[in-house]
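J.: Sequence and predicted structure below; questions after.
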Amino acid sequence: MSSIRTLLQRVMQNDMIIHQMDVKTAYLNAPIDCELYMEQPEGFEEHGENGEKLVCKLNKSLYGLKQSGRNWNNLLHENLQKEGFTQSQADPCVYVRIIDSKRCVIVIVWVDDIIIAASHFELLTTVKESLGERFKMKDLGIEKVSDEESPSLEDPGPLISWKSRKQPIVALSTCEAEYIALANAVQEAKFLRQLCIDMKVLSISDDNVLTQVDNQGAINLARNPVHHQRSKHIDTKYHFIRSEIQVGIISLKYVPTEDNIADVFTKPASKAS
């Protein structure tokens, strides 16, 4: 969903056109990669000349096979590459085709559903027609909703990536808890940075991702890789923050709690009296 939300944000900012398509019986388009046989469906049995029981040899990936999804994805991947699309490094379901500095097409694939966003309507039509020549497609159109069903804001502001859940481990200090939360935030920030680079929202030379933290201890622990008695037990997987800071992908900045507008999302709402 993060990739779809990021695409929708770019569509709104750059006034792009977006359509959604559905591939009919998608799995049946993909050739099978091994020799498989199945029993004949009940009520449609045929027998050999001597009455022996016959079975069906599969020529296409049938729904229900473990490898059907993989075969279909490989087929669609090959066709998108032939059309000039490049697969995203951040999300293998995202494909980007850059024509020039002002024209581009972005495709997001989810099994048999395809979202196509283009800078120009002619590009969108070309991609839809090209895929339609290869696969049987259904144009899902646009769902109309009223303001009561889907209220909107005049100025909704920037895109927000938010998650709140219990940490899987017991932290022995506030610093440790904030350090673990920071590691999770850096994971998402690194993913979104690479996704934006692939979608040509950012360039590799752009500044690093500024991450604001309201705990000085967590910042010091991330910046200064010292061996300390109170932090030596922290799982090593959370220390990848240090390497991201060293290579310049992430930078940390202290933000006081009173200036941390995201802090409210980490607090439970009070019960109504």
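T.: Happy to help now that I have it. Residues are numbered from 1 along each chain as shown.
J.: how does the protein divide into domains?
T.: 1-28+67-142, 174-265 (the TED database).
J.: Test my guess that Glu176 contacts Ile234.
T.: Yes. Here Glu176 reaches Ile234: they are 6.1 Å apart, a contact under C-beta atoms under 8 Å. (C-beta placed from N, C-alpha, C; glycine too.)
J.: Can you lay out the domains of the chain as TSV showing mean neighbour count, mean pLDDT and distance to Asn50?
T.: Below are the domains of the chain laid out as TSV (neighbours: other C-beta atoms under 10 Å; pLDDT from 0 to 100; distance: least, C-beta to C-beta, whole Å):
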stretch	mean neighbour count	mean pLDDT	distance to Asn50
domain 1-28+67-142	16	91	32
domain 174-265	15	85	60
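J.: possible to save these as CSV with distance to Lys60?
T.: Output for the domains of the chain, formatted as CSV (distance: least, C-beta to C-beta, whole Å):
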stretch, distance to Lys60
domain 1-28+67-142, 5
domain 174-265, 32
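J.: Which of those sits closest to Ser61?
T.: Ser61 lies closest, by C-beta to C-beta, to one member of the domains of the chain: domain 1-28+67-142, at 4.0 Å.
J.: Report the distance from that closest one to the chain centre.
T.: Centroid separation between domain 1-28+67-142 and its chain, computed with C-alpha atoms, centre = their mean, to the nearest Å, is 13 Å.
J.: Now do the helices in the stretch 1-150 of the chain.
T.: 2-14, 68-82, 121-134 (DSSP state H, counting those that start in this stretch).
J.: need those in a markdown table with distance to Val23, can you?
T.: As requested, those are exported to a markdown table (distance: least, C-beta to C-beta, whole Å):
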| stretch | distance to Val23 |
| --- | --- |
| helix 2-14 | 17 |
| helix 68-82 | 8 |
| helix 121-134 | 8 |
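J.: closest one to Ile99 among those helices?
T.: Using C-beta to C-beta, the nearest of the helices of the stretch 1-150 of the chain to Ile99 is helix 121-134, at 7.2 Å.
J.: same for the closest one, what does it pack against?
T.: strand 17-23, strand 104-110, strand 113-118, strand 137-139 (3 or more C-beta pairs under 8 Å, 6 or more residues apart in numbering; DSSP states H and E).
J.: Other residues contacting it?
T.: Residues outside helix 121-134 that contact it (C-beta atoms under 8 Å, 6 or more residues apart in numbering): 17, 19, 21, 79, 83, 97, 99, 103-105, 107, 114, 116-118, 137, 139.
J.: do that again at 10 Å, thanks
T.: 16-19, 21, 23, 29, 75-76, 79-80, 82-85, 97, 99, 103-105, 107, 114, 116-118, 120, 137-139 (C-beta atoms under 10 Å, 6 or more residues apart in numbering).
J.: could you give the angle of that helix to helix 68-82?
T.: Helix 121-134 runs at 130 degrees relative to helix 68-82, counting by axes from the mean of the first three to the mean of the last three C-alpha atoms, to 10 degrees.
J.: What is the distance between the helix ranked longest in the chain and the centre of its chain?
T.: The helix spanning the most residues in the chain, taking DSSP state H as the definition, is helix 174-198. Distance, stretch centre to chain centre, for helix 174-198: 15 Å (C-alpha atoms, centre = their mean).
J.: now stretch 29-48
T.: That offset, for stretch 29-48, works out to 36 Å (C-alpha atoms, centre = their mean).
J.: Now the common contact residues for Glu176 and Ile234.
T.: With C-beta under 10 Å, 6+ apart as the test, Glu176 and Ile234 both reach Ile169, Leu221.
J.: Can you report how many residues lie near Glu45?
T.: Counted with other C-beta atoms under 10 Å, residues neighbouring Glu45 total 10.
J.: what's it sitting at in phi/psi?
T.: Main-chain dihedrals, Glu45, degrees, to the nearest 10: phi -70, psi 140.
J.: Contacts only, for it.
T.: If you count contacts by C-beta under 10 Å, 6+ apart, then Glu45 has Glu39, Lys53, Leu54 around it.
J.: What sits closest to the second one if chain neighbours are left out?
T.: If I follow you right, that is Lys53. Taking C-beta to C-beta, 6 or more residues apart in numbering, and ignoring the residues beside it in sequence, Lys53 has His47 as its nearest neighbour in space, at 6.4 Å.
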